[in-house]
Each structure stands twice: as structure tokens, then as C-alpha cells.
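Asker: only geometry, no sequence info:
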């Protein structure tokens, strides 16, 4: 197992990708990374609780889940090898190799998955990159907050260790901001117990 992701997170990530591949259509690396991010953001915005409980870094082309980016860049995925593989007909695409298992998914999770499927079904990876880079996006707000927006836009840097700050969703909403921060603390505590 990869040391920064728990087996539960890998299971949920893998099954999420199986569901998306079955319902959105062909998935390349960029589209996978953007959809995972959009699910996380939508979950936090709607319920105040992360869908996956993972960190997304500020990179030139948007929010990136670094471990999954690296995994999808390999000749064959290792972390997600039980769930997806590169398509035989096009090694830039990923296809499921197992059936979707909803054991890790609540009703709210399924609602979110279906909402993302409806949103992304006819969008390209570039459409999703543009969406995650819009003027009021968390990518842009987090990049501005960390003073790296101009460098990312000018393509002076490709990646950073800075994280997307989901608490910016609640800048004017103390109640939901505290609820989100409490959820993050709870997830960190649970992960610490499991390690």
C-alpha cells in the first residue's frame, strides 16, 4: 500500500473511478484528476465533509492529487491496479477491470457521484481544466493566497507543495467553516488510529 493513502481511501478512489468510467465514458489522466477534485470540492461545499479526505496540490494545470497523478503516469497503475488499467486500444485512456462496489459509499456519496456524472458526461479534460481555473475557483483563490498565482499562470513553475484550501469555500460562513475543519480533524484522527 502507498504510505500516504489508506487502504480505505484507495478502495474508495478505485471504486469511484470504476463508477465514473462506467457512467462518464472514456477517462484520461487529466479528466480523472479533475473529476476526483470536483467530487471533493462538491462534497465539502454541499455537506461540509470531504468525499475522499485527501490533499490536492496547486499545480499549473489545476488541483492535483499527487500520488494518483504519479500512479496514472506509470506504465501500469500500481495503487489503483485492482480497479483500472490502461486501455489496450489507447494507453492514454483508463478502463475499469472490476465491477463497482458501493460498500464504502453513503447515499450522499452516490448523490455526489451522480451529480458529477451529469456535469461531466459531455465535457472534455480541457473543459474541466478551464472550469477548475475559473476566476472564483479554489485553485485560483488558493494560488493567490499563497502568492504563486502569477508564477503558475506564467508557467514559471509546474507544480507546488501548496494545498488547495477548501476552507476558502466558507470565508463568510463561520458555522460551515468550523464544521468542515472539525470533519478534517476527525478524518486525520481516524487515519492516525489506523496507521
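Answerer: Received it, and whenever you're ready, just let me know what you need. What you are looking at is a predicted structure, and each value in this text was computed from that prediction instead of being measured. Numbering: from 1, shown residues only.

Asker: What are the boundaries of the strands in the chain?
Answerer: In the chain, the segments counted as strands under DSSP state E are 27-28, 57-59, 62-64, 84-87, 90-96, 159-163.

Asker: Show me the one of those strands that comes nearest residue 125.
Answerer: strand 27-28 (5.7 Å; CB to CB). Backbone N, C-alpha and C define where each C-beta goes, glycine included.

Asker: which helices and strands does the closest one pack with?
Answerer: helix 7-23, strand 90-96 (3 or more CB pairs under 8 Å, 6 or more residues apart in numbering; DSSP states H and E).

Asker: right, so those: which one is the most enclosed?
Answerer: helix 7-23 (a mean of 20; mean count of other CB atoms under 10 Å).

Asker: Flag the shaky bits of the protein, pLDDT-wise.
Answerer: Scanning the chain with the threshold set as pLDDT under 70 gives 1-3, 191, 194-195.

Asker: follow-up on the earlier one: dump the strands of the chain into JSON lines; add distance to residue 49 as well.
Answerer: Putting those into JSON lines (distance: least, CB to CB, whole Å) gives the following:
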{"stretch": "strand 27-28", "distance to residue 49": "25"}
{"stretch": "strand 57-59", "distance to residue 49": "21"}
{"stretch": "strand 62-64", "distance to residue 49": "18"}
{"stretch": "strand 84-87", "distance to residue 49": "25"}
{"stretch": "strand 90-96", "distance to residue 49": "26"}
{"stretch": "strand 159-163", "distance to residue 49": "17"}
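
Asker: Most tightly packed of those strands?
Answerer: Buried most deeply of the strands of the chain, by mean count of other CB under 10 Å, is strand 62-64, with a mean of 25.

Asker: mind listing what that one pairs with, with the direction of each?
Answerer: strand 57-59 (antiparallel) (DSSP bridges).

Asker: residues making contact with the partner strand?
Answerer: Outside strand 57-59, the residues that touch it by CB atoms under 8 Å, 6 or more residues apart in numbering are 63-66, 139, 142-143, 146, 148, 152, 158-164.
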